[in-house]
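*Asks:* okay, here's the prediction I keep looking at, along with the sequence it came from:
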Amino acid sequence: MLRTFNQELRAKFNASVLLIHHSGHMATERPRGSSALTANTDFVLGVFRPDPQAMTCQLEVHKQKDSEKLPPALFDMAREVVGSDSDGDEVSSLVAKHNGAVAAFVQRIRLGRYDQALLESLEKAPEAVPETALRALIVKMCGNPETGRKSFQRAMGTLREQHLITQVSPGMWAAAQKKGPP
């Protein structure tokens, strides 16, 4: 199937081909079925509702070949009337509108305790913070050097992946909006 899409559509028309597929029951970051679906694609996007009660959906990049993943994007979903049918009944569609303010809020809600502690520490600092100070903060919160080391590594990974922090120089970190010299 993928070979056919590649040869008959993508290559022939020099275009991108988007396939819509279901995610796995437990693994929402990959499609159901063969791993070939992910292995033979250039990018994999996931769309889900972070709050089942709200009319908001989140778009995440799960795979991005030859490039960095983009941060998650949130969209407000709204019903819009697009016309009427032959009987005069309304015809409507669900429309997605990008919502940057909601995205920042939901992104913070999904951060863990150590992620939030590091991010708040970096946001409050007037300039870049040494990695040793950030590590010490998490070790102190954990009360155990080994647990603190592992928690620190996970939290830094999460913050980097979400593009919330930046390394301004070797061993010096800042919140993403603070990129000044240390």
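*Replies:* Yes, it's here.

*Asks:* separation between the residue nearest the centre of the chain and Arg149?
*Replies:* Geometric centre of the chain, nearest residue: Pro72, 3.2 Å, by CA atoms, centre = their mean. Distance, Pro72 to Arg149, using CB to CB, to the nearest Å: 28 Å. All C-beta spots, glycine's among them, are computed from the backbone N, C-alpha and C.

*Asks:* hmm, back to that, how about the residue nearest to the centre of the chain, nearest residue that isn't a chain neighbour?
*Replies:* Using CB to CB, 6 or more residues apart in numbering and skipping the chain neighbours, the partner closest in space to Pro72 is Glu60 (4.7 Å).

*Asks:* dig out what the one you found forms beta bridges with.
*Replies:* Beta-bridge pairing for Glu60 (DSSP bridges): Gly46.

*Asks:* for this protein, what are the low-confidence residue spans?
*Replies:* Applying pLDDT under 70 to the chain flags the ranges 24-30, 100-110, 177-182.

*Asks:* and the next helix or strand past the longest helix that it contains?
*Replies:* The residue-count maximum for a helix in the chain (DSSP state H) belongs to helix 145-161. Next in sequence after helix 145-161, counting helices and strands by DSSP states H and E, comes strand 165-169.

*Asks:* what lines up beside that following strand in the sheet?
*Replies:* Counting by DSSP bridges, strand 165-169 is paired with strand 172-175 (antiparallel).

*Asks:* which helix or which strand is home to Ala117?
*Replies:* Secondary structure (DSSP H and E) places Ala117 in helix 113-124.

*Asks:* got the angle between that helix and strand 165-169?
*Replies:* 50 degrees (axes from the mean of the first three to the mean of the last three CA atoms, to 10 degrees).

*Asks:* could you list the residues in contact with helix 113-124?
*Replies:* Applying CB atoms under 8 Å, 6 or more residues apart in numbering, the external contacts of helix 113-124 come out as 108, 111, 129, 134, 137-138, 141, 151-152, 154-156, 158-159, 164-165, 173-175, 178.

*Asks:* and the residue sitting furthest away from the middle of the chain, which of the three is it?
*Replies:* Within the chain, Asp87 marks the point farthest from the mean C-alpha position, 43.3 Å out by CA atoms, centre = their mean. Secondary structure, DSSP: H, G, I helix; E, B strand; the rest coil: Asp87 is coil.
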